[in-house]
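[1] Got a sequence here, can you build the structure:
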Amino acid sequence: MIKIFKYSLLLLLLQTSLLLHAQVVISPTKAEPGDTVTIRFDPKNTAANKLSGPFFVDFNYSNFYELPNRMPMEQKDGGWSLSFRLPPYANFSCFTISDKDKKFIQQANDSSQYEVFIYQRGKLIAGNYLGKSYSVPIQNKTSERILELQEYYLKKELDLFPHNYEAQLRLIALKMKEAEPGVYAQLLKQGLAVVEKKFRSNPLFEGNLNKVTMGYLILGQNQKVDSIRQVVINEFPAKKIGIAYQLNKILRGADSAAVVGKIQELLQLKTSENKEAYTSAYEYLFSYYCQRGDSVAAREYLPLITAWEQDPYKWRSYSHYVQLMLNNKIMLNDASRLNMYILDSIANYPVSLIRYFPETGYLVAPDSLKAEKIIAVKAETIANQGLIAAELNQRETAKAWFSKSIPNLKSAILLIAIAKWYKQWNDTQNVQPILDAAYRQAPFDPIVKALLKEEIERNGIRTTAEQQVYFNRLDKQWKQLYYKDFDQTVRSTAFPTEISIVDMDKKPLNYADFKNKIVIIDFWATWCKPCIASFPYLHQIYKKYANDPQVKFIVLNSGSGNSWDDAYKWTVANPQFDFPFYYNQDKRLSSKLDITSIPTTLILDGKGNIRFRKVGFEGEKLLQSLDAMIEYLKERTQ
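    Model (predicted):
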């Protein structure tokens, strides 16, 4: 009877899986790099049956760096479809299908997403099962068998490709996690031998050395990264890679005069074969002489650091060089020419994520905000051209550039610089509007506020009450811009009612504590540098609302790689942050909330719904965006 039940259950699961796969069809079945892949979705017999769409394909794991992670499907032939071309470096990927707000999510089954394996002449290429092993915790976040499954797929990869370097190391590292000390040492020795062999296979190729570095990081041997670089320096001191590694060490020095001396010594080794390795040295020397006002010495290096190269980040470097010359009032005509070169090529400015691999070159990630970002960079470049003209005593030319830049200028620093020139020219009618614009961009900056306060006092707004009204009006203006965007992007997803969270006295936090409050939950860990770097900004917003009964902050140690003791010791050692700190005891909470990286901040409304999600380090931008989110929810959802 039990056997019959098992077979019946197996048959039911197989039928369910076949049905789910029938609802999503991927063609061709054996896709190759460069092929056009089509994904078709039939919403019938799914929870999306009554939804009108649109639907999206969400790649949750892939190396399709030049494609968006989320792509819209088109309604076609009674269903929905998406076609895209695989990049030449494509490998394994997995995806789900969802509606706009991700309230409906379709995947192959409860423990697996839809998958695309990559072939060459009908055979799997290397890396597919390695990729699948990486995707296991993404595809099945709540599984108790994640490590077991990862090991299974790594072994499967090595069965097909026994010399896959990364798979070898990942399997060793996986076994090290639960190994006894003696076995751990043997495994580590085995892993280090794999890395050493990789290093010796081509010690002068940058791509190979990157893989050597990756190998040490996989094995948890971060300290060996510097030691292998020293080996390269010792064995190949005059080779391009040896020079680059020596410069990397030299340029870390705190004594700039000593650094310059060491650079000059290293320049004695320059040849036609290694000359490209010296760019960072020339950049240092250019900066050094600019800051000392030595235009003769600085001009010697400017052509060497502005020679044409394919690196798309060069435009950002050029902007830095312009700023150096402008700030130090040196070589202003050179600065003007270089700045105009940037302006003429502004469409190429790197505002998106760009990855570089020696095997593929530069890969530019898609960015839906690229046009908007380019407009902002263009405004800053135009403003710099105006500031250069002002320094050259070309007042009318400067004013013309300023008038072009101000409407789109988002840099408070540049707006203040422009305002100072108008004040110097006694053109006072323009000073206050420009400082207004600076305040709207950086309302939490005390310097901006002090300058504007001084200007409005000069213009007759002197009482505290009058000034408060003035600043409140500006605050409303910048917040309205955020609100307009929020109206289009605000979401509503229920936060789990069952939580296991304690404070730094180990007192439990109850879900009832969230009731009728706007709750800010910031996920962090003691080892997360971006998390810690964001604390000064988060703390500033916390202090603003510390006495507001409508707002509650929960600075929540995620529990990832940290114990309660770790969190407690850190908070005691950092009393400057007097947040309400908490510790998460539910190891599945991140999975329930679809949190894959930290820092992540969730903003809940008074009904316990997640309305906003912020991921990653934002720096000063956090001040305005988080403040606006809190005020938006206070005004519109209470």
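[2] What are the boundaries of the helices in the stretch 1-150 of the chain?
    In the stretch 1-150 of the chain, the helices defined using DSSP state H, counting those that start in this stretch lie at 2-23, 128-139, 146-160.
[3] Lowest mean pLDDT across the ones you listed, which one is that?
    If you rank the helices of the stretch 1-150 of the chain by mean pLDDT, helix 2-23 sits at the bottom with a mean of 45.
[4] show me what contacts residue 386?
    Residues in contact with residue 386, defined by C-beta atoms under 8 Å, 6 or more residues apart in numbering, are 397-402, 405, 418. Using the backbone N, CA and C atoms, a C-beta is placed for each residue, glycine as well.
[5] try 6 Å
    Residues in contact with residue 386 (C-beta atoms under 6 Å, 6 or more residues apart in numbering) are 398, 401-402.
[6] So which of the residues you listed wins on neighbours?
    residue 402 (26 neighbours; other C-beta atoms under 10 Å).
[7] in whichever strand or helix holds that residue, what counts as buried?
    Using DSSP states H and E, residue 402 falls within helix 395-405. If you call a residue buried by 16 or more other C-beta atoms under 10 Å, then helix 395-405 has these buried ones: 398-399, 401-402, 404-405.
[8] between the residues you listed, which is nearest residue 43?
    Distance to residue 43 across the buried residues of helix 395-405 (C-beta to C-beta) is lowest for residue 405, with 49.0 Å.
[9] before we move on, the earlier item: what's the helix holding residue 402 in contact with?
    For helix 395-405, the surrounding residues in contact (C-beta under 6 Å, 6+ apart) are 379, 382-383, 385-386, 389-390, 418.
[10] Output it as CSV, restricted to C-alpha atoms.
    Extracted in CSV, the C-alpha atoms of helix 395-405 (Å, rounded to 0.1, in the frame of the first residue of the first chain):
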residue,chain,number,x,y,z
ARG,A,395,32.9,86.7,-17.3
GLU,A,396,30.3,86.7,-20.1
THR,A,397,31.5,83.4,-21.4
ALA,A,398,31.3,82.0,-17.9
LYS,A,399,27.8,83.3,-17.4
ALA,A,400,26.7,81.7,-20.7
TRP,A,401,28.0,78.3,-19.6
PHE,A,402,26.4,78.7,-16.1
SER,A,403,23.0,79.5,-17.6
LYS,A,404,23.2,76.3,-19.6
SER,A,405,24.2,74.1,-16.7
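[11] What is the subsequent helix or strand relative to that helix?
    As assigned by DSSP H and E, the chain's next helix or strand after helix 395-405 is helix 412-424.
[12] and stretch 46-63, how far apart are its ends?
    End-to-end distance of stretch 46-63 (C-alpha to C-alpha, to the nearest Å): 29 Å.
[13] sorry, back to before: what would the contacts of residue 386 look like in JSON lines with pLDDT and distance to residue 108?
    Formatted as JSON lines, the contacts of residue 386 follow (pLDDT from 0 to 100; distance: C-beta to C-beta, whole Å):
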{"residue": "398", "pLDDT": "98", "distance to residue 108": "62"}
{"residue": "401", "pLDDT": "98", "distance to residue 108": "57"}
{"residue": "402", "pLDDT": "98", "distance to residue 108": "58"}
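[14] circling back to that earlier point, what's the angle between the helix holding residue 402 and helix 412-424?
    If you take axes from the mean of the first three to the mean of the last three C-alpha atoms, to 10 degrees, helix 395-405 sits at 140 degrees to helix 412-424.
[15] ok so, going back, ok, of the contacts of residue 386, which one's closest to residue 499?
    residue 402 (53.1 Å).
[16] any idea how far that closest one is from residue 392?
    Distance of residue 402 to residue 392, computed by C-beta to C-beta, to the nearest Å: 14 Å.
[17] ditto for residue 245
    Distance from residue 245 to residue 392, by C-beta to C-beta: 42 Å.
[18] Show me which of the two is the more surrounded one.
    Comparing residue 245 with residue 392 by other C-beta under 10 Å, the one with more neighbours is residue 245, at 22 against 14.
[19] doesn't that one fall inside a helix?
    Yes - the assignment for residue 245 by DSSP: H, G, I helix; E, B strand; the rest coil puts it in a helix.
[20] show me the contacts for residue 354.
    312, 362, 364.
[21] in which helix or strand would I find the first one?
    Put plainly, it is residue 312. Assigned by DSSP H and E, residue 312 belongs to no helix or strand.
[22] cool, and the second one?
    For residue 362, the host element (DSSP H and E) is strand 361-364.
[23] Now that strand: buried residues?
    residue 363.
[24] and it, C-alpha only, in CSV?
    What follows is strand 361-364, C-alpha atoms only, in CSV (Å, rounded to 0.1, in the frame of the first residue of the first chain):
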residue,chain,number,x,y,z
GLY,A,361,37.0,43.0,-22.9
TYR,A,362,34.6,45.7,-21.5
LEU,A,363,31.0,44.7,-21.0
VAL,A,364,28.5,47.5,-20.3
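[25] can you pull the contacts of residue 158?
    residue 167.
[26] Could you measure from residue 565 over to residue 286?
    Going from residue 565 to residue 286 by C-beta to C-beta gives 49 Å.
[27] Compare the two (neighbour count), which wins?
    Neighbour count, other C-beta under 10 Å: between residue 565 and residue 286, residue 286 has more, with 24 against 9.
[28] Quick check, that one in contact with residue 301.
    Yes - contact between residue 286 and residue 301 holds when scored by C-beta atoms under 6 Å: they sit 4.1 Å apart.
[29] From the recorded domain assignment, give the ranges for the chain.
    Following automatic domain parsing, one finds the domains of the chain at 2-139, 163-235, 309-400, 411-485, 493-636.
[30] Could you work out which of these reaches nearest to residue 273?
    domain 163-235 (10.8 Å).
[31] start to end distance for the closest one?
    Length of domain 163-235, first residue to last, C-alpha to C-alpha: 27 Å.
[32] Tell me which helix or strand residue 466 sits in.
    Assigned by DSSP H and E, residue 466 falls in helix 464-489.
[33] So for that helix, what gets flagged as buried?
    Using 16+ other C-beta under 10 Å as the test for burial, helix 464-489 gives 470, 474-475, 478-479, 482-483, 486.
[34] Which neighbouring elements make contact with that helix?
    helix 431-441, helix 621-636 (3 or more C-beta pairs under 6 Å, 6 or more residues apart in numbering; DSSP states H and E).
[35] Just the angle for the longest one relative to helix 431-441, thanks.
    Orientation of helix 621-636 against helix 431-441 (the same axes, to 10 degrees) gives an angle of 80 degrees.
[36] Need the residues that contact helix 621-636.
    Helix 621-636 has contacts (C-beta under 6 Å, 6+ apart) with 444, 479, 482-483, 486, 518, 537, 541, 603, 605, 612.
[37] of these, closest to residue 233?
    When the contacts of helix 621-636 are ranked by distance to residue 233 (C-beta to C-beta), residue 537 comes first, at 39.4 Å.
[38] Need phi/psi at the closest one.
    Dihedral angles of residue 537 (phi, psi; degrees, to the nearest 10) stand at phi -70, psi -40.
[39] which residue packs closest to it, ignoring adjacent ones?
    Counting by C-beta to C-beta, 6 or more residues apart in numbering, residue 537 lies nearest to residue 622, which is 4.4 Å off, once chain neighbours are set aside.
[40] Then residue 266?
    Using C-beta to C-beta, 6+ apart and skipping residues adjacent in sequence, the residue nearest residue 266 is residue 246, 6.0 Å away.
[41] roughly how far apart are that neighbour and residue 278?
    Using C-beta to C-beta, one gets 10 Å for the distance from residue 246 to residue 278.
[42] repeat for residue 426
    48 Å.
[43] Quick one: neighbours of residue 78, just the number.
    Using other C-beta under 10 Å, residue 78 has 8 other residues around it.
[44] quick one, helices of the stretch 451-600 of the chain?
    464-489, 529-545, 564-573, 589-592.
[45] For the stretch 201-350 of the chain, give me the ranges with low pLDDT.
    For the stretch 201-350 of the chain, no stretch has pLDDT under 70.
[46] now the stretch 501-638 of the chain
    Looking along the stretch 501-638 of the chain with the criterion set at pLDDT under 70, you get 637-638.
[47] Using CSV, list the CA coordinates for the next helix-or-strand element following the strand holding residue 362.
    Scanning forward in sequence from strand 361-364 by DSSP H and E, the next helix or strand is helix 370-391. Provided in CSV are the C-alpha atoms of helix 370-391 (Å, rounded to 0.1, in the frame of the first residue of the first chain):
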residue,chain,number,x,y,z
LYS,A,370,21.4,56.1,-18.5
ALA,A,371,19.9,59.1,-20.4
GLU,A,372,19.0,60.8,-17.2
LYS,A,373,22.5,60.3,-15.8
ILE,A,374,24.1,61.5,-18.9
ILE,A,375,22.1,64.7,-18.7
ALA,A,376,23.4,65.2,-15.1
VAL,A,377,27.0,64.6,-16.1
LYS,A,378,26.7,66.9,-19.1
ALA,A,379,25.4,69.7,-16.7
GLU,A,380,28.4,69.2,-14.4
THR,A,381,30.8,69.3,-17.4
ILE,A,382,29.2,72.5,-18.7
ALA,A,383,29.4,74.0,-15.2
ASN,A,384,33.1,73.2,-15.0
GLN,A,385,33.6,74.9,-18.4
GLY,A,386,32.0,78.0,-16.9
LEU,A,387,34.2,77.8,-13.8
ILE,A,388,37.3,77.6,-16.0
ALA,A,389,36.2,80.6,-18.0
ALA,A,390,35.5,82.5,-14.8
GLU,A,391,39.1,81.8,-13.6
